[in-house]
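J.: Predicted model and sequence below, questions to follow.
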Amino acid sequence: VDCSGILMSPIFFPSISKMYVYESRFTTVLALIVVVNKLDSHRTDEMHLTSDHRKRAAAKHLIERYYHQLTEGCGNESCSNSWCASSVGFNRMDNNAAAVKALELYKVNAKLCDPHPSKKGTASAYLESSSHSNSACSNRKMNNKDVHSVRDNFKDVNYLTEEKVYEILDICGEKEDYSPLIRVIGRVFSSAEGLVQSFRRSKPHTKEELKSLQGKDEDKDEDEKEAAACSATAMEEDSPASSSSLRLGEGSSGENDVQKLAPDEVSVDIDAVRRVYERLLSNEKIEAAFLNALVYLSPNVECDLTYHNVYSRDPNYLNLFVIVMENSNLHSPEYLEIALPQFCKAMSKLPLAAQAKLARLWSHYSTEQIRRMVETFQQLITYKVISNEFNSRNLVNDDDAVVAATKCLKVVYYANVLGGDLDTEHNEEEDEEPIPESSELTLQELLGEERRNKKGPRVDPLEIELGIRTNDCRRPLISFEEFVNEPLNEVLEMDKDYTFFKVETENKFSFMTCPFILNAVTKNLGLYYDNRIRMYSERRITVLYSLVQGQQLNPYLRLKVRRDHIIDDALVRLEMIAMENPADLKKQLYVEFEGEQGVDEGGVSKEFFQLVVEEIFNPDIGMFTYDERTKLFWFNPSSFENEGQYTLIGIVLGLAIYNNCILDVHFPMVVYRKLMGKKGTFRDLADANPVLYQSLKELLEYEGSVEEDMMITFQISQTDLFGNPLMYDLRENGDKIPVTNENRKEFVAQYAEYMLNKSVEKQFKAFRRGFHMVTNESPLKYLFRPEEIELLICGSRNLDFLALEETTEYDGGYNRDSRIIKEFWETLHSFGEEQKRLFLQFTTGTDRAPVGGLGKLKMIIAKNGPDTDRLPTSHTCFNVLLLPEYSSKEKLRERLLKAITYAKGFGML
């Protein structure tokens, strides 16, 4: 008997329909196909049917009964058939073994039990449905009175279409009994195969596809015709699934179907899925079916992706995740405990190509849909963080649900980037000359300390797969801040997480690999650990090098400067280091002011950077120009200083980040974008040169004739330091090319290109080179966006002294309720903005708030004796204010103001 259609039907062999998923099962199925194809020679004499399709129908019917007899039994507790699951002492077998045994029993014509009246399982349902199959084929319009037959047919529905759902819903609505629909949803949505085949987009066949279909063997054609004709039977629903299973198992035409789709397309009709969810989720009982099905589905999907490489065999497997993620109730409390965590674990196992395809698909979603998915994963992360007590012994990195949800959130994050306003073209050119390596490199290799990240900074694999960077996005669909999870940041042990980040083991997950979920404070802490460990590494290498070479030990980057000649001393010393051994720049900075007794534990370095910045950005030097309207500095295109001076300024900025010091610099955002590899464009003029930006914008929006009314050409003029005009042609012979309505966009783009890039190309390249000398091995670019780099260098502009009061600690006998402490805070809050900045400068060494605001500044107020005429003093290295216990509030105010106003220099107490 030709039973080639039997094995491909998941109704008859649910486990065998997974053959394209499991390799071991695929081997079993191949063996079964051989056996079934030989059945013709063994059973011809016993079965005298007049047509092939009747033979196949009978074979299907008998083998299916044997299969269910082995898996479910006949329902008779006193059954004596040794090949029936209801008999006493029967040894249970898995689905594959039952499939093989069913064929063997069919071959030897073994005893077949009749279903017991009490049995309500699949076998009895099949008998009833098969007994009505002939009448169903002849009478295609079902009678609503025959509800029992309808329910039986629903049991054969193994994948869904929008029309099928509505058909079942209407029938159930008429009888006010939704249990058949609930059972169908439970069966389809708990089956990976069912979901993969459900809600497919219908496409007309091409000529090539029609020709290939005509080439199929006649038996297969008859099967498909028979299935199409009997729309009232289960075979109508199973035939597409069966043929698809065969194709996917063979890994041929299933893959070809996917290849015809665009990189951001799937074969699911997403609009149909949304309409179905919208109608069904309003019913609580039906909603529970989705929930229960997801709990059953997820572990199987996770297994498929982890061990059986299912996506490479069937790219349509991605349909499953698309359909589930359209469920708008995923973030509801019922899903948070079990269903959603399990689904996230499964989704996190998707291979890189599948994640990229999902990101491309979701990038076309609306802002509301992206936000819904973000909220779904964020709610799960928050729920798990709040409901558990994470600490140094119980790390949040070990929570599978939080880790999996974060990995899933990454896919949505890149969809948000792809769907935003992208600029992938305007990229800065790489440095022509590589940054010189340390002369100690050979020794490092000998000692097993080969320099990390020699091939460049870390790049996220999904970025490479998608061909974009976060910095390419000018404006995402939803703000990047919505991806930050504050509860997670609060419980994250950053020292442990950084260790996992550097080791890069598969067993431990680091949230630094998903920097979008971390706030600037947490990322800054990770950068601090990276910088410190690199400093310790350089120190250790220096010690070993001095032992081997017998040279003088110099484990620090020492700068001894005169306060009155700080630029000359500092920049000359840094220039020598940059030329001789750039690796020394990675050592810990140690500054000493000549003639002063201060020991640098951080505070002296802070003042050093502050003084250097004040000198460098002095307009009288001429390296930078200052805009009074924007209060911002820009590179002077006609500066007399050589490129080396700009390189040294870049080194100073890099050293400030490397040594965790905040600088009072005022650059437009385009400078930080250029440091991260993006060129300036017309949009960047909005904050760099708002007057020019507004003029060019009005030019673009002008409705009249630009050529006749404005009479401008592709030649522009600038003024140098002495006020002399300088002409520049944006195009060759630009003075002869008028700007018209047709070419004004080109004029605006080239004008911005000249102002932000070409005119300062030499100065900026030298500046960037110096900056990268210090930060080239740092995860700076990987962790931070341009606006966060500005925050890292400049600190927060918002000075919240109430937050500082909340976090300040006390020592030496003072506490929050001490009289002098209450009077101190009352006095400080009464100060003006400038006086408050002077206080910060006096106490911490800088007048800027750290990343995260003043609430992140750990200040200590310590008692410094009883009432006295001495002024308050401070340890800027440790943010400690030494405050005598003054007798009155007036005296406290007078002494404090004098201290902060005239403070300059360091001494030993």
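T.: Thanks, I have the structure now.

J.: what's the closest non-adjacent residue to K836?
T.: L799 (6.0 Å; C-beta to C-beta, 6 or more residues apart in numbering). The way it works is simple: take the backbone N, C-alpha and C, and place the C-beta from them, glycine included.

J.: from memory the one you found sits against L840, does it?
T.: Yes. Because the distance of 7.4 Å satisfies C-beta atoms under 8 Å, L799 is recorded as touching L840.

J.: can you give me the helices for the stretch 401-550 of the chain?
T.: 441-446, 461-466, 486-491, 494-503, 520-549 (DSSP state H, counting those that start in this stretch).

J.: Same check on the stretch 751-900 of the chain?
T.: 761-775, 780-783, 786-794, 801-807, 819-829, 833-844, 889-901.

J.: Which strands or helices does the first one pack on?
T.: The criterion is 3 or more C-beta pairs under 8 Å, 6 or more residues apart in numbering; DSSP states H and E, and the helices and strands that helix 761-775 contacts are strand 632-635, helix 643-658, helix 669-675.

J.: distance between that helix and the chain's centre?
T.: 30 Å (C-alpha atoms, centre = their mean, to the nearest Å).

J.: From L488, how far off is D564?
T.: For D564, the distance to L488 equals 49 Å [C-beta to C-beta, to the nearest Å].

J.: The residue nearest to K836: what's it in contact with?
T.: 833, 836-837, 840, 849, 854 (C-beta atoms under 8 Å, 6 or more residues apart in numbering).

J.: of those, closest to S198?
T.: Using C-beta to C-beta, A849 comes nearest to S198 of the contacts of L799, at 54.5 Å.

J.: Can you give me the neighbour number for the closest residue to that closest one other than its chain neighbours?
T.: Leaving aside its sequence neighbours, A849 sits nearest to S796 (C-beta to C-beta, 6+ apart; 4.0 Å). By other C-beta atoms under 10 Å, 19 other residues sit near S796.

J.: Can you get me a residue count around the nearest residue to P555 once chain neighbours are set aside?
T.: Leaving aside its chain neighbours, P555 sits nearest to R539 (4.2 Å; criterion: C-beta to C-beta, 6+ apart). The local packing of R539 (other C-beta under 10 Å) involves 17 other residues.

J.: And for S887?
T.: The burial count for S887: 12, using other C-beta under 10 Å.

J.: same thing with S639?
T.: There are 20 residues near S639, going by other C-beta under 10 Å.

J.: helix, strand or coil for it?
T.: When classified by DSSP: H, G, I helix; E, B strand; the rest coil, S639 comes out as coil.

J.: I figured it was touching I649, is that so?
T.: No. Contact criterion C-beta under 8 Å: S639 and I649 do not qualify, at 11.3 Å.

J.: list residues touching both of these two?
T.: Between them, S639 and I649 share the contacting residues M623, judged by C-beta under 8 Å, 6+ apart.

J.: so can I have CSV of the helices and strands packed on helix 761-775 showing mean neighbour count, mean pLDDT and distance to E167?
T.: Putting the helices and strands packed on helix 761-775 into CSV (neighbours: other C-beta atoms under 10 Å; pLDDT from 0 to 100; distance: least, C-beta to C-beta, whole Å) gives the following:
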stretch, mean neighbour count, mean pLDDT, distance to E167
strand 632-635, 20, 91, 66
helix 643-658, 23, 87, 64
helix 669-675, 23, 93, 56
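
J.: can the ones you listed go into JSON lines with extra columns for distance to E504?
T.: Output for the helices and strands packed on helix 761-775, formatted as JSON lines (distance: least, C-beta to C-beta, whole Å):
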{"stretch": "strand 632-635", "distance to E504": "38"}
{"stretch": "helix 643-658", "distance to E504": "23"}
{"stretch": "helix 669-675", "distance to E504": "26"}
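
J.: Of the ones you listed, which is nearest E482?
T.: helix 669-675 (20.4 Å).

J.: Show me what the helix or strand that that closest one is followed by is packed against.
T.: Using DSSP states H and E, the helix or strand that directly follows helix 669-675 along the chain is helix 685-688. Applying 3+ C-beta pairs under 8 Å, 6+ apart, one finds that helix 685-688 makes contact with strand 632-635, helix 669-675, helix 690-701, helix 744-756.

J.: Just to check, S82 is in contact with N91?
T.: No. Using C-beta under 8 Å, S82 is not in contact with N91, being 9.9 Å away.

J.: Which one of those two is surrounded by more residues?
T.: Neighbours were counted for S82 and for N91 using other C-beta under 10 Å; S82 has more, 12 against 7.

J.: what separates the more buried one from I63, distance-wise?
T.: 19 Å.

J.: can you tell which of the helices and strands packed on helix 761-775 is closest to T522?
T.: Among the helices and strands packed on helix 761-775, helix 643-658 sits nearest to T522 (C-beta to C-beta), with 16.2 Å.

J.: helices and strands around the closest one, which ones?
T.: helix 520-549, helix 566-580, helix 603-616, helix 761-775, helix 786-794.

J.: Mind putting the ones you listed into CSV with distance to L358?
T.: Compiled in CSV, the helices and strands packed on helix 643-658 are given as follows (distance: least, C-beta to C-beta, whole Å):
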stretch, distance to L358
helix 520-549, 26
helix 566-580, 46
helix 603-616, 45
helix 761-775, 33
helix 786-794, 27
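
J.: Looking at those helices, spot the one closest to A899.
T.: Nearest to A899, of the helices and strands packed on helix 643-658 and by C-beta to C-beta, is helix 603-616 at 15.4 Å.

J.: what angle separates the closest one from helix 566-580?
T.: With axes from the mean of the first three to the mean of the last three C-alpha atoms, to 10 degrees defining the directions, helix 603-616 sits at 100 degrees from helix 566-580.

J.: following helix 603-616, which helix or strand comes up?
T.: strand 624-627.

J.: Which strands border that next one, and is each parallel or antiparallel?
T.: Sheet pairing of strand 624-627 (DSSP bridges) gives strand 632-635 (antiparallel).

J.: Could you list the low-pLDDT ranges of the protein?
T.: Judged by pLDDT under 70, the chain has its weakly predicted residues at 1-57, 115-153, 203-259, 430-457, 549-553, 597-603, 721-722, 877, 903-909.

J.: So which residues of it form strands?
T.: 421-422, 473-475, 557-561, 589-593, 624-627, 632-635, 715-719, 725-729, 809-811, 860-863, 873-875, 880-883 (DSSP state E).
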